[in-house]
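Asks: Dropping the sequence and predicted coords here.
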Amino acid sequence: MSWITTTRFPVFAAGRGRLTAEAPLSADSRELADTSDEVLLSLCANGDQRALTVLFRRYYRLLRVVCIRILRDEAEADDLVQDVFLFLHHQAHIYDNSKSSGRSWIIQMAYRRAFFPQEVFERPGAL
């Protein structure tokens, strides 16, 4: 069974043909709502799906706008945003808080994925 079929993102809701972050947070996720991005990324590295949900709600709109500006295609931008959050789920352990803030690292991952789609996620040591 793949990760996509076993993991549930309560914030992925269809809205006018695209993903949105409009669904309410669960009680578990609300506990993390005021947590810093850096702590949330470290929780994601340990497999905490609640932390990923909170990051998704914080950064979905920003990443989508950034991706639309780069790719100039809403469907491609939606795919890229989803790819970035899947990347965060699987690779959050590579984040180093001594080099950048959590916010800038997440945005940088979207930029890198947009400009170097194969290189960033497939080649070891590309980050």
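Replies: Received the coordinates, thanks. Computed from a predicted model, the values in this text were never measured in an experiment. Residues are numbered from 1 along each chain as shown.

Asks: what's downstream of the helix or strand where Ile68 lies, the next helix or strand?
Replies: Following DSSP states H and E, one finds Ile68 within helix 49-71. Downstream of helix 49-71, the next assigned helix or strand under DSSP H and E is helix 74-91.

Asks: now the angle from the very next helix or strand once past that next one to helix 74-91?
Replies: Next helix or strand after helix 74-91 toward the C-terminus (DSSP H and E): helix 102-115. Counting by axes from the mean of the first three to the mean of the last three Cα atoms, to 10 degrees, helix 102-115 points 120 degrees away from the direction of helix 74-91.

Asks: Give me the contact list for helix 102-115.
Replies: 36-38, 40-41, 55, 59, 62-63, 66-67, 70-71, 80-81, 83-84, 87-88, 95, 99-100, 120-121, 127 (Cβ atoms under 8 Å, 6 or more residues apart in numbering). Where you see a C-beta, it was placed from the backbone N, CA and C, and this is true even at glycine.

Asks: Just the C-alphas of that helix, formatted as PDB.
Replies: The C-alpha coordinates for helix 102-115 follow below in PDB (Å, rounded to 0.1, in the frame of the first residue of the first chain):
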ATOM      1  CA  GLY A 102      11.800  26.900   8.300                       C
ATOM      2  CA  ARG A 103       9.800  29.300   6.200                       C
ATOM      3  CA  SER A 104      12.700  30.100   3.900                       C
ATOM      4  CA  TRP A 105      13.700  26.500   3.500                       C
ATOM      5  CA  ILE A 106      10.200  25.400   2.500                       C
ATOM      6  CA  ILE A 107      10.000  28.200  -0.100                       C
ATOM      7  CA  GLN A 108      13.500  27.300  -1.300                       C
ATOM      8  CA  MET A 109      12.400  23.700  -1.800                       C
ATOM      9  CA  ALA A 110       9.500  24.900  -4.000                       C
ATOM     10  CA  TYR A 111      11.800  27.100  -6.100                       C
ATOM     11  CA  ARG A 112      14.300  24.300  -6.500                       C
ATOM     12  CA  ARG A 113      11.700  21.800  -7.500                       C
ATOM     13  CA  ALA A 114      10.200  24.300 -10.000                       C
ATOM     14  CA  PHE A 115      13.600  25.000 -11.700                       C
END
